[in-house]
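In: could you work out the structure for the sequence below:
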Amino acid sequence: MMTEAPFDPLLGFAAIERLVAKIYFRFSHLFLTNSELRDFWWEMAKEEEQHGLILQACRELIANYDEETIDPNISRDKAYDLEARLQSLLGRGTPSLGVEEAFGIALEIESSEIDAIYSKLVHLGGPQIATTMGNLGVPASVQRQKLRAALRRFCTDPELFRAAERL
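Out: Numbering: from 1, shown residues only. Take a look at the predicted model:
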C-alpha cells in the first residue's frame, strides 16, 4: 500500500498562489481589447506569482530550522479545498466571461482564507524572514485596494461594491 507523501504547506500554498495567478492571467487575456483592464489583471497575476515565489523562498530559508511548527489549521484538506474551488473558478474563465463576473471571481478569491494562510506561512520563518519576505512582494492589503479601485472604475453592480468594501 502506498502512503501519501507528507504535506508541505509552503509548497502546497505556493501552488495555490500560482493557480490564482493563472486565473488572473486568463482574465488579462479575456480583456485584450481593453488595455487598462488587460494591464490591471496582468499586474494582479504577477503579484500572485510573487506570493508563490515568496512561499518557496521561505521554505528554502527555514528548511534547516529545528523548531518549525505548522499551524494545524493549515492542512492538506484546507489546501485541497482551496485548490478545488480555484480550479472551478478557472474553469469559468471563458471568452464569454464579462467584466463584472471577473471582478466577482476576484472578490471571491481575495476574500477567501488564502491571504491569512499566506501570512501565517511567511511568519513561520520568524520576524526577520517575515519582514524580508513581506518587503519583496505586494502586500495583500495593497492588492485589495487596487482591486477595489479598479472595480469602482470598471463595474456598476452595487453588490460588487458592497462585497469589495467587506474585503
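
In: packing partners for the longest helix that the chain contains?
Out: When every helix of the chain is counted residue by residue (DSSP state H), the longest turns out to be helix 35-62. Counting by 3 or more C-beta pairs under 8 Å, 6 or more residues apart in numbering; DSSP states H and E, the packing neighbours recorded for helix 35-62 are helix 9-30, helix 99-110, helix 114-123, helix 127-136, helix 140-154. C-beta coordinates here come from the backbone N, C-alpha and C atoms, glycine included.

In: among the ones you listed, which comes closest to F40?
Out: With C-beta to C-beta as the criterion, F40 lies closest to helix 140-154 of the helices and strands packed on helix 35-62, at 5.0 Å.

In: for the closest one, name the packing helices and strands.
Out: helix 35-62, helix 99-110, helix 114-123, helix 158-165.

In: would you single out the least confident of these?
Out: The stretch with the lowest average pLDDT out of these is helix 114-123, scoring a mean of 77.

In: give me the helices and strands touching that helix, please.
Out: Under the contact rule (3+ C-beta pairs under 8 Å, 6+ apart), helix 114-123 is packed against helix 9-30, helix 35-62, helix 127-136, helix 140-154.

In: only alpha carbons, please: show the first one as CSV.
Out: Taking Å, rounded to 0.1, in the frame of the first residue of the first chain, the C-alpha atoms of helix 9-30 are listed here in CSV:
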residue,chain,number,x,y,z
PRO,A,9,2.2,23.7,3.4
LEU,A,10,4.7,26.1,1.9
LEU,A,11,4.8,24.2,-1.4
GLY,A,12,1.1,23.4,-1.3
PHE,A,13,0.1,27.0,-0.9
ALA,A,14,2.8,28.3,-3.3
ALA,A,15,1.0,26.2,-5.9
ILE,A,16,-2.4,27.7,-4.9
GLU,A,17,-0.9,31.2,-5.3
ARG,A,18,0.2,30.2,-8.8
LEU,A,19,-3.2,29.0,-9.5
VAL,A,20,-4.7,32.3,-8.5
ALA,A,21,-2.1,33.9,-10.8
LYS,A,22,-3.3,31.7,-13.6
ILE,A,23,-6.9,32.8,-13.2
TYR,A,24,-5.8,36.5,-13.3
PHE,A,25,-3.6,35.9,-16.4
ARG,A,26,-6.6,34.3,-18.0
PHE,A,27,-8.6,37.4,-17.2
SER,A,28,-5.9,39.6,-18.8
HIS,A,29,-6.3,37.5,-22.0
LEU,A,30,-10.0,37.8,-21.9
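
In: that's all I had, so thanks and see you.
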